[in-house]
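Student: fold the following.
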Amino acid sequence: MPPANPAEKLKQAPLEDLAGLLMKQFQRLLAERGLPLTTVQIGDIGERIAYSQPLPPELTDLSTLLCELVAESVHELQTRFGMSFDKALHTQMDAIGGWETTGEFIDLANHKSNAELRISAGSTLLVMLGDTAYVPYLLSVIDADQGVMDVDAALAQRALCHLTGTHPEDADWLASVQTRLA
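Tutor: Next comes the predicted model:
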């Protein structure tokens, strides 16, 4: 019997908790860009996302800053690796050259992984906030996941389901999402 997939719990976790978890990943980066967030504000953002409420005026820059962070990571993949996000997700590190030492390999792997994670997490938050422009990134995450439903794919699933009113436990949730977005 295969071990339980910890991402399965994400299907039932409160959306506000998932949004808060993702927001914490960006807390330092947002503070560096002039938007420091307290734990209370992160909790408020999660609740507003879960109940589809607008952000308060002091957080109007949040979406713009998340868009910038995603764009920077897309640029990183393009300039450093010559790859789109989708191609990077489908490319294993052993297929990437440009390194000679273990240290150089680890450095490249960190850059690739960090960019992919920021694009995935940032796009997930943006879709949770209602920005449909980032849906293709989440569909790429789910496609690259190949049905395993790891944490990134489970979070992408929850964001897409939230956006479209689809239930993540539905057997045909992806088809329902795609139909509702068409």
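
Student: the residue nearest the centre of the chain in helix, strand or coil?
Tutor: Closest to where the C-alpha atoms of the chain average out (CA atoms, centre = their mean) is residue 121, at 2.2 Å. Assigned by DSSP: H, G, I helix; E, B strand; the rest coil, the conformation of residue 121 is helix.

Student: what sits against it?
Tutor: 22, 25-26, 152, 155 (CB atoms under 8 Å, 6 or more residues apart in numbering). (Each C-beta comes from the backbone N, C-alpha and C, glycine too.)

Student: just for the protein, where's the confidence low?
Tutor: 1-6 (pLDDT under 70).

Student: mind redoing it with 50?
Tutor: Within the chain, no range satisfies pLDDT under 50.

Student: which stretches in it count as helices?
Tutor: Remark: helices assigned in the chain by DSSP state H are 15-32, 39-50, 62-76, 85-89, 102-128, 135-145, 151-164, 173-181.

Student: can you name the residues that contact the closest residue to residue 45 other than its chain neighbours?
Tutor: Of all residues not flanking residue 45 in the chain, residue 23 sits nearest, at 5.6 Å (CB to CB, 6 or more residues apart in numbering). By CB under 8 Å, 6+ apart, the residues touching residue 23 are 37, 42, 45-46, 125.

Student: most neighbours among those residues, please name it.
Tutor: residue 125 (26 neighbours; other CB atoms under 10 Å).

Student: wait, it touches residue 24, no?
Tutor: No: using CB atoms under 8 Å, residue 125 is not in contact with residue 24, being 11.0 Å away.

Student: quick check: phi and psi on residue 12?
Tutor: phi -110, psi -10 (degrees, to the nearest 10).

Student: burial count for the nearest residue to residue 56 once chain neighbours are set aside?
Tutor: Distances taken as CB to CB, 6+ apart put residue 44 closest to residue 56, at 7.6 Å, once the chain neighbours are dropped. Residue 44 has 18 neighbours, counted by other CB under 10 Å.

Student: could you measure from residue 44 over to residue 59?
Tutor: 9 Å (CB to CB, to the nearest Å).

Student: got it, and residue 141?
Tutor: 25 Å.

Student: again, but for residue 167
Tutor: 28 Å.

Student: what about the two, which has more around it?
Tutor: residue 59 (17 against 10).

Student: for the more buried one, what are its contacts?
Tutor: Counted by CB under 8 Å, 6+ apart, residue 59 has contacts 35, 41, 45.

Student: next one: it from residue 23, what distance?
Tutor: 11 Å.

Student: cool, and residue 171?
Tutor: Distance from residue 171 to residue 23, by CB to CB: 31 Å.

Student: same question, residue 35
Tutor: 11 Å.

Student: equivalent analysis for residue 111, please.
Tutor: When residue 111 is compared with residue 23 (using CB to CB), they lie 23 Å apart.
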